Structure formats: C-alpha cells, structure tokens
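Undergrad: Predicted model and sequence follow; I will ask about them next.
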Amino acid sequence: QVQLVESGGGLVQPGGSLRLSCAASGFTVSSYAMRWYRQAPGKERELVATSTPDAGSTNYADSVQGRFTVSRDNAYNTVYLQMNSLKPEDTAVYYCNALGLRADSYGREYWGQGTQVTVSS
C-alpha cells in the first residue's frame with residue numbers, strides 16, 4: 001500500500017525553524033520527484049520545493065529561496081523540508097507529493113495528508 005505521511009508541523013514564532021518529514025511506503029522515493037506544496041486558507045495550492053529523482057537537483061519557489069531546504073534520506077525512504085527564518089506568510093498546510101518520472105513509474109502521483117504549520121507570535 002502506497003502512503004506518504006507528513007510530520008513535524010506545529011506552531012512556531014517568526015524567525016524560528018521547523019523540519020517537516022515525509023515518510024514514504026509502498027514505493028521508493030529515489031525513483032520519484034519529491035515535492036512539497038503548501039496551501040494557505042483562501043489561497044491556491046503552491047509548489048514550494050522540488051527534489052528530482054536521485055536528488056540530482058532541487059528547485060524552490062522565490063518566496064522560500066534561501067530559507068527552505070529539501071533533502072532525502074534514501075535509507076529511510078524519507079524526504080525532509082527544513083524551514084528556517086519562518087514568516088507569518090509561511091503559515092499553511094504543507095503537503096508532500098511524489099511524481100513518477102521514470103519509465104516504470106511515469107505519471108504515478110501520490111499525496112500525503114498534510115501537516116499544519118503556523119507562524120505566529
């Protein structure tokens with residue numbers, strides 16, 4: 001059974017840090033593009049960070065460039081999002097997403113259930 005389970009969200013003060021985790025089961029993250037999205041109330045879902053298969057490269061939204069870092073631990077089949085210098089506008093539900101790009105998994109897409117991040121004093 002394929003699952004993505006996010007954890008690590010919570011309440012943090014502006015300027016603080018959080019690390020989100022996305023634990024995958026039922027497939028191997030090293031073969032997938034792994035992405036983090038977020039959705040704030042009343043707004044569309046936004047792509048925040050992408051890690052290509054085998055962690056060949058990473059990409060970030062302009063709004064988080066230099067503050068967020070996406071990484072993988074293939075031994076634990078887990079992807080992380082380190083968030084530093086958090087701002088109130090980072091408040092959102094954060095979702096982990098996996099997208100198959102290789103021939104044996106092309107087009108397959110999985111979503112986690114989301115984890116709430118609230119940045120407030």
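TA: Thanks, I have the structure now.
Undergrad: pLDDT score assigned to the most centrally placed residue in the chain?
TA: In the chain, the C-alpha nearest the mean C-alpha coordinate belongs to Trp36, at 2.7 Å (CA atoms, centre = their mean). With respect to pLDDT, Trp36 scores 98.
Undergrad: now the helix or strand that contains it, how far from the chain's geometric center?
TA: When elements are assigned from DSSP states H and E, Trp36 belongs to strand 32-39. On the basis of CA atoms, centre = their mean, to the nearest Å, strand 32-39 sits 5 Å off its chain's mean C-alpha point.
Undergrad: got the contact list for the closest residue to Pro88 other than its chain neighbours?
TA: Excluding its sequence neighbours, the residue lying closest to Pro88 (CB to CB, 6 or more residues apart in numbering) is Val119, at 5.0 Å. Any C-beta I mention is one placed from the backbone N, CA and C, and that applies to glycine too. By CB atoms under 8 Å, 6 or more residues apart in numbering, Val119 lies in contact with 12-14, 16, 86-91.
Undergrad: out of those residues, which one sits closest to Ser31?
TA: Asp90 (29.5 Å; CB to CB).
Undergrad: Next up, the contacts around that closest one.
TA: Each residue near Asp90 by CB under 8 Å, 6+ apart is listed here: 38, 64, 83, 117, 119.
Undergrad: just the strands in the chain please.
TA: 3-7, 10-12, 18-25, 32-39, 46-51, 58-60, 68-73, 78-83, 92-100, 109-111, 115-119 (DSSP state E).
Undergrad: residues in contact with Trp36?
TA: Here Trp36 is in contact with 20, 22, 47-50, 68, 70, 79, 81, 94-97 (criterion: CB under 8 Å, 6+ apart).
Undergrad: Tell me how far it lies from Ala103.
TA: Distance of Trp36 to Ala103, given as CB to CB, to the nearest Å: 25 Å.
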